[in-house]
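A.B. asks: okay, sequence plus prediction incoming.
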Amino acid sequence: MFETLKPLPADAILGLIAEHKNDLRQNKIDLGVGVYRNAMGETPVLDAVKQAERHLLETQSSKTYLGTAGDPAFNRAMQTLTFADSAPVDRLRTLQAPGGSGSLRVAAGLILRARDNATVWVSEPTWNNHVPLLGGAGLRLKAYAYYDTEKRAIDFDAMLDALRHVPKGDLLLLHASCHNPSGHDPTEEQWREITDVVVERELVPFIDMAYQGFATDLDTDAFAIRHMADKVPEMIVSSSCSKNFGLYRDRVGTLSVIGANPESVDTVLTQASNVVRTIYSVPPDHGAAVVSIILNDENLRAKWLVELSAMRERLTDMRQLLHKALEDKAPDHDFSHLLRARGMFCFLGITAEQVGRLKKDFGIYMIDSSRINVAGITPDNVEYFADSVAAVL
């Protein structure tokens, strides 16, 4: 049977991880992998998570299955974290999912059941797994203008013009904050303009929020979701706890849906639960239980907020440090877009050939588009990195 299969190339980022691991150079730098790292290059378990896990170990009395929708306490806490009081509660339902990717996959199945010829519009560029994940599920995808690589900024006029020509009823995939890969987000005023077009064109917002708390703060980073929530009849929101709780391998996320009325959204929940049943049956419990404990405990929540703030501030500090080093080493080149980006990612703004030279000659790893994870920058490696970039420019 399997002799008909052909080998596939490694995922661009996963392939880089393997190459970096096998590189024996001591000064090598990995800017490709999408995880937060501290100044020592580690991805630590948060103290709030450790405390919650200890509490879970001492109090959990069963490992029986969760239902297809997951833990109700977790879902309520995440729904509040995402929407606050902005959404009509009687038209909003949330279910637990195995990470942001699991949430997106369930959403894709749900969309196809509702409308098998549905089209989802995605930003150009978008997260490298959006297209294979959603397209692989069977959704038809089209691109709308977003980032201008020449100006190194959002081309907002082109974006709005594209959205005004999206057929009525199509779905619009948006990044709530910390756009991956560009790191450039609309302003609040621009989000209002986007919302006006969404309402005018009767589009269905499909918002992916993987980095809540990594740009400005929990509330500001959810502005787009909360602003749209009471202005549209239907909305889909995928969220992830991988970054802001550091629960990458535990796969924790949610899928939330706003329906036109309570009856329709209850129907949506039954369909989403059935999609879950046909893919992974029930979600994993551990990470979601940890998040629920943290969000429902005043002291642990306060500790988590301090740790989240520290991660966000480190990313901001590294952007500033990197910009200063590149400004010193390559004064003829403009890297000011690094300071305007937010979250973990942005484009460095060099060619694929220069990216290849950085890997070959200096052991610096990033994908060909020059998207970098600024969490890979540290005070110890920033000078070497800037010298290497200056050498290939």
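C.D. replies: Received the coordinates, thanks. Numbers count the residues shown, from 1 in each chain.

A.B. asks: strands along the stretch 251-393 of the chain, start to end?
C.D. replies: 253-258, 345-347, 364-365, 371-373 (DSSP state E, counting those that start in this stretch).

A.B. asks: can I get the ones you listed in CSV with distance to T220?
C.D. replies: C-betas here are computed from N, CA, C, even on glycine. Shown next, in CSV, are these (distance: least, Cβ to Cβ, whole Å):
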stretch, distance to T220
strand 253-258, 19
strand 345-347, 18
strand 364-365, 32
strand 371-373, 22
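
A.B. asks: next, the buried residues of the lowest-mean-pLDDT helix or strand in the chain.
C.D. replies: Across the helices and strands of the chain, mean pLDDT, DSSP states H and E gives its lowest value to helix 12-22, namely a mean of 84. By 16 or more other Cβ atoms under 10 Å, the buried positions in helix 12-22 come out as 13, 16-17, 19-20.

A.B. asks: what does it contact?
C.D. replies: Outside helix 12-22, the residues within contact range by Cβ atoms under 8 Å, 6 or more residues apart in numbering are 9-10, 28, 30, 32-34, 128, 359, 365-368.

A.B. asks: after it, next one along is what?
C.D. replies: strand 29-30 (DSSP states H and E).

A.B. asks: what's that next one packed up against?
C.D. replies: The contact analysis (3 or more Cβ pairs under 8 Å, 6 or more residues apart in numbering; DSSP states H and E) places strand 29-30 against helix 12-22, strand 364-365.

A.B. asks: what packs against the last one?
C.D. replies: The contact analysis (3+ Cβ pairs under 8 Å, 6+ apart) places strand 364-365 against helix 12-22, strand 29-30, helix 352-362.

A.B. asks: I'd like to know how far the nearest residue to A325 once chain neighbours are set aside sits from Q354.
C.D. replies: Leaving out its chain neighbours, the residue that sits closest to A325 by Cβ to Cβ, 6 or more residues apart in numbering is A386, at 3.7 Å. Plainly put, A386 is 14 Å away from Q354 if you go by Cβ to Cβ, to the nearest Å.

A.B. asks: of those two, who's got more company?
C.D. replies: A386 (22 against 17; other Cβ atoms under 10 Å).

A.B. asks: contacting residues for that one?
C.D. replies: Applying Cβ under 8 Å, 6+ apart to A386 gives the contacts 322, 325-326, 328-330.

A.B. asks: show me just the buried residues among those residues.
C.D. replies: Applying 16+ other Cβ under 10 Å to the contacts of A386 flags 322, 325-326, 329-330 as buried.

A.B. asks: ok, those vs T187, which is closest?
C.D. replies: T187 has its nearest neighbour among the buried ones among the contacts of A386 in L322, at 23.3 Å by Cβ to Cβ.

A.B. asks: turn the contacts of A386 into a markdown table, including distance to T119.
C.D. replies: Shown next, in a markdown table, are the contacts of A386 (distance: Cβ to Cβ, whole Å):
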| residue | distance to T119 |
| --- | --- |
| L322 | 38 |
| A325 | 44 |
| L326 | 40 |
| D328 | 47 |
| K329 | 45 |
| A330 | 42 |
